[in-house]
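[1] Just need the structure, nothing else, for what follows:
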Amino acid sequence: MPKPSWGDAEREAAGVLVRLALAEDLDAAGDLTTAAVVPANAQGQARFIARRAGVIAGLPLVQMVFAEVEPRLDLSVAVDDGSSVAAGTVLAHVAGPLPGLLTAERTALNFLQRLSGVASLTRRYVDAVAGLPCQILDTRKTTPGWRRLEKYAVRCGGGSNHRVGLFDAVMIKDNHLAALGGSPSALRAAVAATRAAYGQRVPIEVEVDTFPLLEAALAAEPDIILLDNMDVGMLRAAVERRRDAAPQIRLEASGGITLDNVRAVAETGVDCISIGALTHSAPALDIALDFES
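    Numbering: from 1, shown residues only. Take a look at the predicted model:
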């Protein structure tokens, strides 16, 4: 898989979170334990080690945490973000002033464990649909403030990103339609209004959960139709109807997707599957920082 991109947007989001995380850990008094028991001039070294197999994401944040706490700490990474590792794999070495290393330890691990957990769960879904022309997408169901980083972790796991936020794509959801009356004609009017407002500058997606709404959406010709909480039989029928009526429209399945059924959903012929669990329910990957004598 290609190396995931880490750019200005991710770096800016990470900087905000790193400073916030350190502020809540240290407050005004700093690291009371380390200040009391560790000599200020002590030096040390340690290794980040994966205790369980998984996919790594978040090493740039580890570097940012150390740089913020103690610029003299030297981090040497042994793997790249996006790498699949076995239990026991050494991910990075760090050496330098021991007080700074101890102070930064937990914050660095929090970022690395959380994002590696997202990447690892994403990879399991990506592997489950291997060989099929279907993308695994994330959603906006992210930890507030962490969205850019969690979406980066999804890319590390081999998944693709849905829209970043409300600002970069139109998605006409069930509640939008309910506010407009919920009828097929309301859906067509909503798509027409967004086309009039934005033209082709932003993609337009419409969420449907019934076949009458699907027919209205196909006639309105958005870029993507989200098939919400449809079973495999309904999804297959929707794919066939799309093929006949508007083959240029992409179909996205969502709702009730698990590792047990994701391949069956992909086999219906939908173009992509969006899964909120990638970011809202991923368990942290077990990673430790082991100090060396």
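
[2] which residues touch residue 78?
    89-93 (C-beta atoms under 8 Å, 6 or more residues apart in numbering). Where you see a C-beta, it was placed from the backbone N, CA and C, and this is true even at glycine.

[3] and with 6 Å instead?
    Contacts of residue 78 were listed using C-beta atoms under 6 Å, 6 or more residues apart in numbering, and they are 90-92.

[4] Name the single longest helix found in this structure.
    If you go by DSSP state H, the chain has its longest helix at helix 98-128.

[5] Present the contacts of residue 78 as TSV; the columns should include pLDDT.
    Shown next, in TSV, are the contacts of residue 78 (pLDDT from 0 to 100):
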residue	pLDDT
90	98
91	98
92	98
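
[6] are any of these buried, and which?
    Applying 16 or more other C-beta atoms under 10 Å to the contacts of residue 78, the neighbour count classes 91-92 as buried.

[7] quick one on the thing from earlier: quick one: mean pLDDT for the longest helix of the chain?
    The average pLDDT within helix 98-128 is 98.

[8] re the thing from before, could you export the contacts of residue 78 as CSV, including secondary structure?
    Listed next are the contacts of residue 78 as CSV, based on DSSP: H, G, I helix; E, B strand; the rest coil:
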residue, secondary structure
90, strand
91, strand
92, strand
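
[9] List the buried residues in the worst-scoring helix or strand of the chain on mean pLDDT.
    Between all helices and strands in the chain, the lowest mean by mean pLDDT, DSSP states H and E belongs to helix 174-179, at a mean of 92. Using 16+ other C-beta under 10 Å as the test for burial, helix 174-179 gives 176-177.

[10] Would you mind writing the CA trace of that helix as CSV?
    What follows is helix 174-179 as a C-alpha-only set of coordinates in CSV (Å, rounded to 0.1, in the frame of the first residue of the first chain):
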residue,chain,number,x,y,z
ASP,A,174,-32.6,11.8,5.9
ASN,A,175,-33.0,14.7,8.3
HIS,A,176,-32.6,17.3,5.5
LEU,A,177,-35.3,15.5,3.6
ALA,A,178,-37.5,15.2,6.6
ALA,A,179,-37.2,18.9,7.1
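
[11] Next secondary structure after that helix?
    Once the chain leaves helix 174-179, the next helix or strand it forms, by DSSP states H and E, is helix 184-198.

[12] re earlier: contacts for the helix or strand following the longest helix of the chain?
    Sequence order places strand 135-137 as the next helix or strand after helix 98-128, per DSSP H and E. Here strand 135-137 makes contact (C-beta under 6 Å, 6+ apart) with 125-126, 159-160, 162, 272-274.

[13] Farthest-apart pair in those, please.
    By the measure C-beta to C-beta, 126 and 162 form the most distant pair in those, at 14.8 Å.

[14] So which residue is dead centre in this protein?
    Centroid check for the chain by C-alpha atoms, centre = their mean gives residue 151 as the closest residue, at 3.0 Å.

[15] Any figure for the gap between it and residue 38?
    Distance of residue 151 to residue 38, given as C-beta to C-beta, to the nearest Å: 37 Å.

[16] mind checking the SS state of residue 148?
    Following three-state DSSP, the label given to residue 148 is helix.

[17] ok, how many other residues are close to it?
    Residue 148: 21 surrounding residues under other C-beta atoms under 10 Å.

[18] From here on, call the first residue 858.
    Sure, I'll start numbering at 858, so the last one becomes residue 1005.

[19] hang on, isn't it packed against residue 866?
    Yes - with contact defined as C-beta atoms under 6 Å, residue 1005 reaches residue 866; the gap is 5.5 Å.

[20] Where do the helices of the stretch 1008-1150 of the chain begin and end?
    1031-1036, 1041-1055, 1068-1077, 1089-1102, 1119-1123, 1134-1137 (DSSP state H, counting those that start in this stretch).

[21] need those helices in JSON lines with distance to residue 904, can you?
    Listed next are the helices of the stretch 1008-1150 of the chain as JSON lines, based on distance: least, C-beta to C-beta, whole Å:
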{"stretch": "helix 1031-1036", "distance to residue 904": "49"}
{"stretch": "helix 1041-1055", "distance to residue 904": "51"}
{"stretch": "helix 1068-1077", "distance to residue 904": "53"}
{"stretch": "helix 1089-1102", "distance to residue 904": "46"}
{"stretch": "helix 1119-1123", "distance to residue 904": "35"}
{"stretch": "helix 1134-1137", "distance to residue 904": "28"}
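
[22] re the thing from before, wait, which of the contacts of strand 992-994 is closest to residue 1110?
    Lowest distance from residue 1110 to these (C-beta to C-beta) belongs to residue 1130, with 4.9 Å.

[23] How about the contacts made by the closest one?
    Residues counted as contacts of residue 1130 (C-beta under 6 Å, 6+ apart) are 993, 1110, 1114, 1122.
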